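Engineer: got a sequence here, can you build the structure:
(one chain, ligands or ions: 1)
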Amino acid sequence: MVTADTLAAAFYELCTRRRDVRAEFTGEPVDDAALHRVLAAAHAAPSVGLSQPWDFVLVRDRAVRERFREHVRVERDTFARDLSGERAATFSRIKIEGILESTLSVVVTYDPDRGSPAVLGRHAIADAGLYSVCLAIQNLWLAATAEGLGVGWVSFYREDVVRELLGIPAHVRPVAWLCLGPVTHLQHTPDLERHGWRERLPLEAVVHEERYPAAAARRTASAERSTSSSVVDQFDTDTRT
Ligand SMILES: Cc1cc2nc3c(=O)[nH]c(=O)nc-3n(C[C@H](O)[C@H](O)[C@H](O)COP(=O)(O)O)c2cc1C
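Structural biologist: All right, here's what the predicted structure looks like:
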């Protein structure tokens with residue numbers, strides 16, 4: 001029997017072990033039963049009004065993945081064009097996808113019509129449907145990590161291109177293109193940190209008692225403007241003043 005202690009320890013370990021994977025995929029087959037468990041975990045996610053507005057499209061066809069990868073390459077260039085100096089140099093060293101190196105892709109979609117028109121809990125916050133899909137993605141990500149698999153989220157795409165590629169109707173949103181498969185290992189530190197793009201903020205910078213502080217709002221704005229290495233410095237400066 002799993003005790004509360006071991007369950008909690010395993011869960012927290014999973015949360016820190018989970019990584020966004022690009023370079024560590026082996027391309028080896030994924031065990032069907034493991035894939036089924038991972039998808040079942042995703043499908044067990046909470047959803048607004050129990051709408052379960054997600055679908056999971058498994059893309060194994062290499063030709064389709066090659067077409068998607070070419071599109072991602074173009075979008076990467078589009079993003080890179082707006083960068084200069086140190087940001088451009090740093091970004092040029094960062095791998096942003098493992099579409100062809102991974103075993104398969106799982107494209108997760110959002111259908112706002114599922115369970116509508118009376119989606120319980122969505123009347124005031126239309127995005128609640130989208131939040132539900134993101135929770136399914138997180139379940140998938142953690143379950144894959146527990147199975148020893150890697151997941152890499154790719155968002156360098158235009159939704160219409162993915163719709164056209166996979167026959168997704170116009171009202172359905174492709175929320176995530178996930179690369180999935182066995183990996184050599186998981187990095188201890190996120191790629192973006194290792195490459196000096198941005199650092200994880202200290203927990204104290206994002207936890208507040210009772211009210212959202214004006215100082216944090218300033219910090220968020222300045223962090224968005226600053227380079228990765230100065231985000232934590234900025235937090236230190238703000239808390240000293
Ligand atoms: C919505 C979303 C979109 C993302 N898109 C990309 C992407 O296009 N390419 C990429 O390399 N990583 C992408 N990531 C991964 C993040 O860069 C990664 O989660 C972050 O750097 C923290 O690293 P970790 O997931 O290993 O902890 C995305 C993550 C999220 C949540």
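Engineer: what does this structure have sitting close to the ligand?
Structural biologist: For the chain, the residues in contact with the ligand (C-beta under 6 Å from any ligand atom) are 19-20, 22, 96-97, 153-156, 190, 192. Heads up, the C-betas are built off the backbone N, CA and C, glycines and all.
Engineer: pLDDT and neighbour count for those residues - can I get that in JSON lines?
Structural biologist: Rendered in JSON lines, the data for those read as follows (pLDDT from 0 to 100; neighbours: other C-beta atoms under 10 Å):
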{"residue": "R19", "pLDDT": "98", "neighbour count": "20"}
{"residue": "D20", "pLDDT": "98", "neighbour count": "19"}
{"residue": "R22", "pLDDT": "97", "neighbour count": "21"}
{"residue": "I96", "pLDDT": "97", "neighbour count": "20"}
{"residue": "E97", "pLDDT": "98", "neighbour count": "24"}
{"residue": "W153", "pLDDT": "98", "neighbour count": "17"}
{"residue": "V154", "pLDDT": "98", "neighbour count": "22"}
{"residue": "S155", "pLDDT": "98", "neighbour count": "12"}
{"residue": "F156", "pLDDT": "98", "neighbour count": "16"}
{"residue": "P190", "pLDDT": "97", "neighbour count": "15"}
{"residue": "L192", "pLDDT": "97", "neighbour count": "17"}
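Engineer: go through these and flag which are in strands.
Structural biologist: 153-154 (DSSP state E).
Engineer: how many residues are close by M1?
Structural biologist: Counted with other C-beta atoms under 10 Å, residues neighbouring M1 total 3.
Engineer: where does it land on pLDDT?
Structural biologist: On pLDDT, M1 comes in at 79.
Engineer: got it, and D127?
Structural biologist: Reported pLDDT for D127: 97.
Engineer: can you count the residues close to it?
Structural biologist: So D127, with other C-beta under 10 Å, has 10 neighbours.
Engineer: ok so, going back, with distance to L142 as extra columns, can I get the residues of the chain next to the ligand in TSV?
Structural biologist: TSV is the format used below for these (distance: C-beta to C-beta, whole Å):
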residue	distance to L142
R19	11
D20	13
R22	18
I96	22
E97	21
W153	13
V154	18
S155	19
F156	23
P190	16
L192	20
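Engineer: among the residues of the chain next to the ligand, which two are most distant?
Structural biologist: Longest distance between any two of these is 18.3 Å, between R19 and F156; criterion C-beta to C-beta.
Engineer: hmm, back to that, let's see which of the residues of the chain next to the ligand end up in helices.
Structural biologist: Per DSSP state H, helices hold the following members of the residues of the chain next to the ligand: L192.
Engineer: mind listing the strands for this protein?
Structural biologist: 54-59, 104-110, 149-154, 173-182.
Engineer: angle of the second one against strand 54-59?
Structural biologist: Read that as strand 104-110. 150 degrees (axes from the mean of the first three to the mean of the last three C-alpha atoms, to 10 degrees).
Engineer: what's the angle between strand 104-110 and strand 149-154?
Structural biologist: 60 degrees.
Engineer: with the longest one instead?
Structural biologist: Going by the same axes, to 10 degrees, strand 173-182 is angled at 150 degrees with respect to strand 149-154.
Engineer: now swap in the first one and tell me
Structural biologist: Taking the same axes, to 10 degrees, one finds that strand 54-59 is oriented at 100 degrees with respect to strand 149-154.
Engineer: neighbours of A10, just the number please.
Structural biologist: 12.
Engineer: for it, what are its contacts?
Structural biologist: Contacts for A10 were tallied using C-beta atoms under 8 Å, 6 or more residues apart in numbering; they are V2.
Engineer: where does pLDDT dip in the chain?
Structural biologist: Where the chain drops to pLDDT under 70, the residues are 215-241.
Engineer: domain-wise, how is it divided?
Structural biologist: Following automatic domain parsing, one finds the domains of the chain at 15-197, 199-241.
Engineer: nothing else from me, thank you.
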